[in-house]
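Visitor: what's the 3D shape of this:
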Amino acid sequence: MYSGSALEQSPYGHLLSPAQWQETADLFLRDACALLGLSMESPLTVAVNAGCVALPALLNIKQVMQQRQVSAVWNAKDELPIEIELGGDCRYHSVFACPILRQQVSDSNPPMKLVCGHVISRDALAKLAQGHKLKCPYSPT
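Guide: A predicted model of the protein is given here:
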């Protein structure tokens, strides 16, 4: 962009102010993150905020489960016994990169879960399956 001395005296001179450029950069960052389904906040901030929203419901369900003496149900599973709505602020599109091919998965190359629990892309799975025996490169078995 040409920013000669005459531009500062033009009707568009206010567009050269540092505050205007910062506002434009913030707007661009917000729109880019929204388009990609990512958070503008740091992952730690997002996790703390989600925890603050979920904590009252978790404490309530813990108390109810202790009163009904069914607390072992929560300890036996990998998921919560209730669904907690965190609101639209904590809803993002996850980005997963295959640890083998180091490529982001897509609709044409979706993530695939192996028997051992590790997740890789379908292309990586196809490469691993070319041999006689399919073995996860991260699991000893």
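
Visitor: can we go C-alpha only for contacts and neighbour counts from here?
Guide: Noted.

Visitor: pLDDT below threshold where in this protein?
Guide: Per-residue confidence for the chain (pLDDT under 70) gives these ranges: 1-5, 7, 71-81, 91-94, 132, 141.

Visitor: now the strands for it?
Guide: Taking DSSP state E as the test, the strands found in the chain are 111-113, 119-121.

Visitor: could you dump the ones you listed to CSV with mean neighbour count?
Guide: As requested, these are arranged in CSV below (neighbours: other C-alpha atoms under 10 Å):
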stretch, mean neighbour count
strand 111-113, 17
strand 119-121, 22
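
Visitor: So which residues make contact with the longest helix seen in the chain?
Guide: Secondary structure of the chain per DSSP state H: the longest helix is helix 43-67. Here helix 43-67 makes contact (C-alpha atoms under 8 Å, 6 or more residues apart in numbering) with 39, 71, 84-86, 90.

Visitor: Type out the PyMOL command that picks the buried ones from those.
Guide: For the buried members of these, the matching PyMOL selection, counting by 16 or more other C-alpha atoms under 10 Å, is:
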select buried, resi 39
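
Visitor: Show me which pair in the contacts of helix 43-67 is furthest apart.
Guide: Put simply, by C-alpha to C-alpha the two of these set farthest apart are 39 and 71, 34.5 Å from each other.
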